[in-house]
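Visitor: all I have is the shape, not the residue letters:
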């Protein structure tokens, strides 16, 4: 029998730590290759971790609620067989590179069976938790064994070698499973032969595997995510005058991103109040359209479409600022972000290539995005490479706000509450459906004229939604 150890992988892109939310196994349980053993929360999302080998759980090295650095051993498993490596790091496919004696080089982040990361790190814990390294669920001390040296990065290979487990991160494995794709048959293009999401999608396209459409019953408006899963209540003494909440996970990265954005990109915010009565009528008509049966039709869908039409008319707003190269990068695609309030904090997943989607496809993408965020399963990849964001603050009953840019993006549109108000329509004061939009943009990229035209075009489409056709 051999004791093998599984390290905390980097389940995102360069993340350094994750909190163990829940263990799905206990010491003595039998586990199989690919079985999910725990759920962890990174600064970007909650992710389930599969174990990469068979055996019996020997010890859980950390309790639930503990924040562990990438590369730290979190579980040991007793396996049958011969000389297996003591700790699961990188696959033993090549000898480790020599290290210069004069000056120890920084250890590179190498691919492991799940994600990345073999950096030596300490454990960050809550003050009330047990000492680091103590078994969480049994009294048996974990077996200490040296970690296997990381293998150097190898060039991408044309196919997975026979008998070897394909390298892929947990979200990619789940994607492959959902699409019915055998990872061993996928040609990897990532560094060191790692299978990426794009590789899986390419394999699915080649196999002509249909994408699953989310069930209509699971569809919600994005702004309803916050109400879908109630946040756990904190235990507070009746006599307490203050409560301190640790800043971590999504809340921590959101705070860092907002401070960085607010003090890096010069923000300008413009406002416009408009009559959206015709758009609200169109929403109802589309709901009654049998061709759109089963799709979630709401005002946000048409607002998103209006933003895409306005980007087409003002393409220079869809850009980013490259500080290092001192260049403006014009994007010829739109990854439309939708800000979602979840129990874990604010996240901004985005709809990839939203500009190329039909109204029905956009509705399906919005529904899938919200369902995933509601379940806390939004992957880091879903929140990367956004270009422009919409935040629907109107669901909270407020008129509008001055939103802060999502880092790396050029603009963000805040949508206020749609209310019945007196409005001059065809020379007479009538009750009309009215809302206020607020557009914040990076003044390095967008000057006042361009920003004003962009916002005015969004408003024009929502005032007269026939422009969704005539301007598209």
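Guide: Structure received. These numbers come from a predicted model, not from an experiment.
Visitor: surely residue 369 is within a helix?
Guide: Yes. Applying DSSP: H, G, I helix; E, B strand; the rest coil, one finds residue 369 inside a helix.
Visitor: can you report how many residues lie near it?
Guide: 22 (other Cβ atoms under 10 Å). All C-beta atoms are positioned from the backbone trio N, CA, C, and that covers glycine.
Visitor: roughly how far does it sit from residue 435?
Guide: Residue 369 is 22 Å from residue 435, where distance means Cβ to Cβ, to the nearest Å.
Visitor: may I ask you to confirm that residue 420 belongs to a strand?
Guide: Yes. Judged by three-state DSSP, residue 420 forms part of a strand.
Visitor: thought it was touching residue 431?
Guide: Yes. Under the criterion of Cβ atoms under 8 Å, residue 420 makes contact with residue 431 at 5.2 Å.
Visitor: the protein: helices as residue ranges?
Guide: Taking DSSP state H as the test, the helices found in the chain are 170-179, 197-207, 225-228, 249-262, 277-287, 299-313, 359-374, 448-463, 467-470.
Visitor: now the first one, how far from the centre of its chain.
Guide: If I follow you right, that is helix 170-179. Chain-centre distance of helix 170-179: 15 Å, with Cα atoms, centre = their mean, to the nearest Å.
Visitor: and residue 312, how many neighbours?
Guide: Neighbour tally, residue 312, other Cβ under 10 Å: 14.
Visitor: nearest to residue 36, of the helices of the chain?
Guide: helix 170-179 (8.5 Å; Cβ to Cβ).
Visitor: and the closest one, what's its mean pLDDT?
Guide: Here helix 170-179 scores 73 as its mean pLDDT.
Visitor: how long is stretch 324-335 end to end?
Guide: 23 Å (Cα to Cα, to the nearest Å).
Visitor: quick one: the closest residue to residue 391 other than its chain neighbours from residue 443, how far?
Guide: Sequence neighbours aside, residue 339 is the residue nearest to residue 391 in space, at 3.8 Å (criterion: Cβ to Cβ, 6 or more residues apart in numbering). Separation of residue 339 from residue 443 (Cβ to Cβ): 21 Å.
Visitor: next one: residue 49
Guide: To residue 443, residue 49 is 43 Å away according to Cβ to Cβ.
Visitor: next: residue 366.
Guide: Residue 366 is 29 Å from residue 443, by Cβ to Cβ.
Visitor: more neighbours: these two, which one.
Guide: Set residue 366 next to residue 443 and count neighbours by other Cβ under 10 Å: residue 366 wins out with 26 against 13.
Visitor: contact partners for that one?
Guide: Applying Cβ atoms under 8 Å, 6 or more residues apart in numbering, we find residue 366 in contact with 222, 296, 300-301, 304, 338, 351.
Visitor: now the two most distant members of those residues.
Guide: Farthest pair in these, by Cβ to Cβ: 296 and 351, 13.6 Å.
Visitor: which secondary structure element of this protein has the lowest mean pLDDT?
Guide: One helix or strand of the chain scores below all others by mean pLDDT, DSSP states H and E: helix 225-228, with a mean of 42.
Visitor: now stretch 384-395: buried residues?
Guide: For stretch 384-395, burial by neighbour count (16 or more other Cβ atoms under 10 Å) applies to 386-395.
Visitor: the more surrounded of residue 296 and residue 351?
Guide: Ranked by neighbour count (other Cβ under 10 Å), residue 296 and residue 351 place residue 351 first, with 23 against 20.
Visitor: how about stretch 334-346: buried residues?
Guide: Under the neighbour-count criterion of 16+ other Cβ under 10 Å, stretch 334-346 has 334-342, 344-346 buried.
Visitor: and if you look at stretch 288-304?
Guide: 295-304.
Visitor: of those residues, closest to residue 279?
Guide: residue 302 (5.5 Å).
Visitor: the closest one: what's it in contact with?
Guide: 279, 282-283, 462, 465, 468.
Visitor: residue contacts, residue 299?
Guide: 276, 279-280, 283, 415, 418.
Visitor: tell me which of these is nearest to residue 183?
Guide: Nearest to residue 183, judged by Cβ to Cβ, of the contacts of residue 299 is residue 415 at 40.6 Å.
Visitor: so what's the residue count around the nearest residue to residue 334 once chain neighbours are set aside?
Guide: Excluding the flanking residues, the one nearest residue 334 by Cβ to Cβ, 6+ apart is residue 355, at 4.0 Å. By the criterion of other Cβ under 10 Å, residue 355 has 19 neighbours.
Visitor: contacting residues for residue 355?
Guide: Applying Cβ under 8 Å, 6+ apart, the residues contacting residue 355 are 308, 311-312, 333-334.
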